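> Provided below are the primary sequence and the corresponding predicted coordinates.
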Amino acid sequence: MATTFSDIAPLLAEQAIELPSWAFGNSGTRFKVFATPGTPRTPQEKIADAAQVHRYTGLAPTVALHIPWDNVDDYAALGTFAKDQGVALGTINSNTFQDDDYKFGALSHVDPQIRRKAIDHHLECIDIMHATGSRDLKIWLAEGTNYPGQGDMRARQDRVAESLRTIYAALADDQRLVLEYKFFEPAFYHTDVPDWGTSYAQVAALGDRAMVCLDTGHHAPGTNIEFIVMQLLRLGRLGSFDFNSRFYADDDLIVGAADPFQLFRIIAEVIRGGGYANPDVAFMLDQCHNVEDKIPGQIRSVLNVQEMTARALLLDREALAAAEEAGDVLGANAVFMDAFYTDVRPWLAQWREGRGLPADPFQAYLDSGYAQRIAEERVGGTQASWGA
Ligand code: LRH
Ligand code: MN
Ligand code: MN
């Protein structure tokens, strides 16, 4: 029997997408960072903006922090502030990519003192997790080399493994380490954790609470990302997604903007592998809004994820399995495409209204006057920007 909207309604209600605090700061390229009036100046203002996204969509109950970008004196108080705004603090992201000491590596550095410094930064992040009640420590390593011969790739891999072991050992039993991979940038010749296989090999050596983070913008063009999703779910190591979209490299554009069909295929595979509405697989955004308004950009993003989730949940799995088993190539593909081409927007608008949310969250936010208010109120101080 075909799946209907009422079948999927309870599953949609379980969707939660974590927002990155850094999406609310100014960002740009290495050529120019454009400032927007009303941009947050503090972690508190970023959280207040993130809470707006949740208020109008009901989809984004948590906010990820990046340390030291979101440094505050009292993280427990920041957690209380978030709660008062209607959201909670989520993943803690470490940062070993903006310190001169890490020019030639952090967890992989040849100098044990620099490795120690990078490890200590992660231990501080774990302390913050205790104060905020965060479950996940997300690590992305900007480490690698630019020229063949510059570094001993094998020795660097061993040092990364040893450093990760020390960090993992400091986690509490209910905390996880999530290791993100990226095929290039900032290093251009080799990267120490370039792909899902390396991330998997590293986390598998640590223990059950070490997982892989899949950032959709971190693959070579043409990579079949849904295959990786399948494999990591199969291996029980898909810990989280950093969702965004890209046309060229790590563009960090709005998820679903460049290739909605790819987003559909990824989510269909998450559902197939039991990763949907499963707390083990965190859905997060990792985006920057260089030229568009940030809060509406985040609202559009979570709605894009919700729309593709609804379409993927509507996939008639029985019909698909029957066609697959019968070797009906075009029939199977037609079942798949039917789900993708279903316009779920009118139904989602109705569904939202039934849950006390605005039918059109995007417009409701624009009409709220919040953007004008923050532009007037947030004067003086230094606006947050990606990287600070
Ligand atoms: C690296 C990355 C990683 C960082 C974030 C700011 O490209 O995706 O997740 O923490 O960007
Ligand atoms: Mn990322
Ligand atoms: Mn990235």
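Sure, I can see it. Ligands and ions are numbered 1, 2, ... in the order given.

> going forward, measure contacts and count neighbours with C-alpha atoms only.
Fine.

> in this protein, what spans have low per-residue confidence?
Within the chain, the stretches with pLDDT under 70 are 1, 388.

> Provide a list of residues in contact with the residue nearest to the spatial centre of it.
With distances taken as C-alpha atoms, centre = their mean, Asp242 lies nearest the centre of the chain, 2.4 Å away. By C-alpha atoms under 8 Å, 6 or more residues apart in numbering, the contact list for Asp242 reads Cys213, Leu214, Asp215, Thr216, Phe283, Met284, Leu285, Asp286.

> is it possible to export the residues you listed to CSV including neighbour count and distance to Leu263?
Formatted as CSV, the contacts of Asp242 follow (neighbours: other C-alpha atoms under 10 Å; distance: C-alpha to C-alpha, whole Å):
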residue, neighbour count, distance to Leu263
Cys213, 29, 16
Leu214, 27, 13
Asp215, 22, 12
Thr216, 23, 9
Phe283, 24, 12
Met284, 25, 13
Leu285, 29, 13
Asp286, 23, 14
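
> Just those: which are in strands?
When DSSP state E is applied, the contacts of Asp242 are split such that Cys213, Leu214, Asp215, Phe283, Met284, Leu285 fall in strands.

> show me where the stretch 1-150 of the chain has helices.
5-12, 43-57, 75-85, 112-132 (DSSP state H, counting those that start in this stretch).

> any idea which of those is most buried?
Stretch with highest mean neighbour count among those: helix 43-57 (a mean of 23; mean count of other C-alpha atoms under 10 Å).

> Can you spell out which helices and strands pack onto it?
If you count contacts as 3 or more C-alpha pairs under 8 Å, 6 or more residues apart in numbering; DSSP states H and E, helix 43-57 packs onto helix 75-85, helix 294-313, helix 361-367.

> quick one, which of the ones you listed is packed in tightest?
helix 294-313 (a mean of 24).

> what angle separates it from helix 43-57?
Interaxial angle of helix 294-313 relative to helix 43-57 (axes from the mean of the first three to the mean of the last three C-alpha atoms, to 10 degrees): 40 degrees.

> give me every residue that touches Leu107.
So Leu107 contacts Ile114, Arg115, Ala118, Ile119, Leu141, Arg159, Val160, Ser163, Leu164 (C-alpha under 8 Å, 6+ apart).

> 6 Å instead?
Taking C-alpha atoms under 6 Å, 6 or more residues apart in numbering, we find Leu107 in contact with Arg115, Val160, Ser163.

> do Met308 as well
If you count contacts by C-alpha under 6 Å, 6+ apart, Met308 has them with Phe264.

> Any buried residues in stretch 205-223, and which?
Neighbour counts using 16 or more other C-alpha atoms under 10 Å place Leu206, Arg209, Ala210, Met211, Val212, Cys213, Leu214, Asp215, Thr216, Gly217, His218, His219 of stretch 205-223 among the buried residues.

> among the residues you listed, which two are most distant?
Farthest pair in those (C-alpha to C-alpha) is Leu206 and Gly217. Separation: 25.5 Å.

> mind listing the strands for this protein?
Going by DSSP E, the chain shows strands at 17-20, 62-66, 88-93, 136-140, 144-145, 176-180, 190-191, 210-215, 238-243, 282-285.

> Nearest to Tyr200, out of those strands?
Of those, nearest to Tyr200 by C-alpha to C-alpha is strand 210-215, at 6.3 Å.

> just to revisit the earlier point, tabulate the strands of the chain (a markdown table), appending distance to Asp259.
Putting the strands of the chain into a markdown table (distance: least, C-alpha to C-alpha, whole Å) gives the following:
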| stretch | distance to Asp259 |
| --- | --- |
| strand 17-20 | 19 |
| strand 62-66 | 25 |
| strand 88-93 | 26 |
| strand 136-140 | 24 |
| strand 144-145 | 29 |
| strand 176-180 | 22 |
| strand 190-191 | 26 |
| strand 210-215 | 15 |
| strand 238-243 | 12 |
| strand 282-285 | 16 |
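
> so which of those comes closest to Met129?
Met129 sits nearest to strand 88-93 of all the strands of the chain, at 6.7 Å, using C-alpha to C-alpha.

> and the angle from the closest one to strand 62-66?
Counting by the same axes, to 10 degrees, strand 88-93 lies at 30 degrees to strand 62-66.

> Check which helices and strands strand 88-93 sits against.
Applying 3 or more C-alpha pairs under 6 Å, 6 or more residues apart in numbering; DSSP states H and E, one finds that strand 88-93 makes contact with strand 62-66, strand 136-140.

> closest one to Gly369 among these?
The nearest among these, by C-alpha to C-alpha, is strand 62-66 at 22.5 Å.

> Tell me which strands that closest one pairs with, and in which orientation.
strand 17-20 (parallel), strand 88-93 (parallel) (DSSP bridges).

> and among these, the most buried is which?
strand 17-20 comes out most buried of the strands paired with strand 62-66 by mean count of other C-alpha under 10 Å, with a mean of 27.

> contacting residues around it?
So strand 17-20 is contacted by Leu59, Ala60, Thr62, Val63, Ala64, Phe283, Met284, Leu285, Asp286 (C-alpha under 6 Å, 6+ apart).

> Nice, that's everything, thank you.
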